[in-house]
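Chemist: need a structure here:
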Amino acid sequence: WNEEVHLLKEEMWRTRQFLAWRAKEWESVANLLHQDAQIVAGAAAYVNRQAAIQHALLAHFTVLWGAGVSANDTAGEDEITTYFTENEDDFDDDEGTGL
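Modeler: The predicted structure follows:
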């Protein structure tokens, strides 16, 4: 169980890192060189919108998951383990059944 918690926290951390990288990637292509000013303006608006979406996702997940989540963070594992142990009957374990 602890391994699954560790993997989940690692995935959460990696997701946030990816979203930050993706936003920077969009921002880095904002300077388009083209003769038509309308094309440049449209491309800039699109790029800025995409970067804003990535920033919004990052902010949402940071609030949802907490700012201090890292793969090595063990705070809360005892609470999670206790919760699922106490409520084990409430969860169906379909693992390995093909459902």
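
Chemist: list the helices and strands the helix or strand encompassing V47 packs on?
Modeler: Secondary-structure element containing V47, defined by DSSP states H and E: helix 37-65. For helix 37-65, the packing partners by 3 or more Cβ pairs under 8 Å, 6 or more residues apart in numbering; DSSP states H and E come out as helix 2-28. Every residue, glycine included, has its C-beta placed from N, CA and C.

Chemist: Mind giving me the packing neighbours of the helix it packs on?
Modeler: The elements that helix 2-28 packs onto, with contact taken as 3+ Cβ pairs under 8 Å, 6+ apart, are helix 37-65, helix 77-86.

Chemist: ok and that helix relative to helix 37-65, angle-wise?
Modeler: Angle, helix 2-28 to helix 37-65, by axes from the mean of the first three to the mean of the last three Cα atoms, to 10 degrees: 160 degrees.

Chemist: Over helix 2-28, what's the mean pLDDT, rounded is fine.
Modeler: Per-region confidence: helix 2-28 scores 91 on mean pLDDT.
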